[in-house]
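Q: fold the following, please.
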Amino acid sequence: MFGLSHLHAQLIASGVGVAVLIGVVVWLRADAADDRERELRANQNTNRLQQIENSKGTQNEVESLTDDDLDSALCRVLSTPEQCEQRRAVQGREPAATQGATRDD
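A: Numbering: from 1, shown residues only. As a prediction, this is how the structure comes out:
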């Protein structure tokens with residue numbers, strides 16, 4: 001083979017075989033990394049869309065609340081019950097627990 005000894009020809013063939021094998025392994029690893037990156041992006045996009053849908057649902061719920069219901073909900077989340085009652089007293093409204101109750105004086 002081109003004036004090379006049999007041993008040299010086998011070494012060259014083995015070297016080419018190893019180079020091809022290394023090339024295939026590198027290509028497969030790069031392809032697997034690309035697949036993983038695409039999967040992560042797809043999961044991020046899915047999570048982002050879910051968050052947008054949840055936010056839109058929350059926005060719709062908030063927009064459907066009356067002013068009193070919104071105030072009560074905000075008070076429950078942002079304040080203690082005592083602070084809510086003080087705020088209602090300053091605004092001239094009854095506490096939520098006594099709304100609709102009749103007074104027996």
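
Q: list the contacts of the spatially most central residue of the chain.
A: Here the mean C-alpha position of the chain is nearest to the C-alpha of residue 47 (C-alpha atoms, centre = their mean), at a distance of 3.9 Å. With C-beta atoms under 8 Å, 6 or more residues apart in numbering as the criterion, no residue contacts residue 47. In short, each C-beta sits where N, CA and C put it, glycine included.

Q: what does the pLDDT read for it?
A: Among the per-residue scores, residue 47 shows a pLDDT of 95.

Q: so how far is the helix or strand that contains it off the chain centroid?
A: In this structure, residue 47 sits in helix 6-64 according to DSSP states H and E. When distances are taken as C-alpha atoms, centre = their mean, to the nearest Å, helix 6-64 is centred 19 Å away from the chain's centroid.

Q: picking up where we left off before, gap between the residue nearest to the centre of the chain and residue 69?
A: Applying C-beta to C-beta, to the nearest Å, one obtains 30 Å for the distance of residue 47 from residue 69.

Q: do residue 91 as well
A: Taking C-beta to C-beta as the measure, residue 91 and residue 69 are separated by 15 Å.

Q: who's more crowded, the two?
A: When residue 91 and residue 69 are compared for neighbours, residue 69 comes out ahead with 12 against 8, by other C-beta atoms under 10 Å.

Q: quick one: distance of the one helix or strand the more buried one maps to to the chain centre.
A: Residue 69 is part of helix 67-78, with elements assigned from DSSP H and E. Averaging C-alpha positions (C-alpha atoms, centre = their mean) puts helix 67-78 27 Å from its chain's average.

Q: so which bits of that helix are buried?
A: For helix 67-78, burial by neighbour count (16 or more other C-beta atoms under 10 Å) applies to 71-72, 75.

Q: mean confidence score for it?
A: Mean pLDDT, computed over helix 67-78, is 81.
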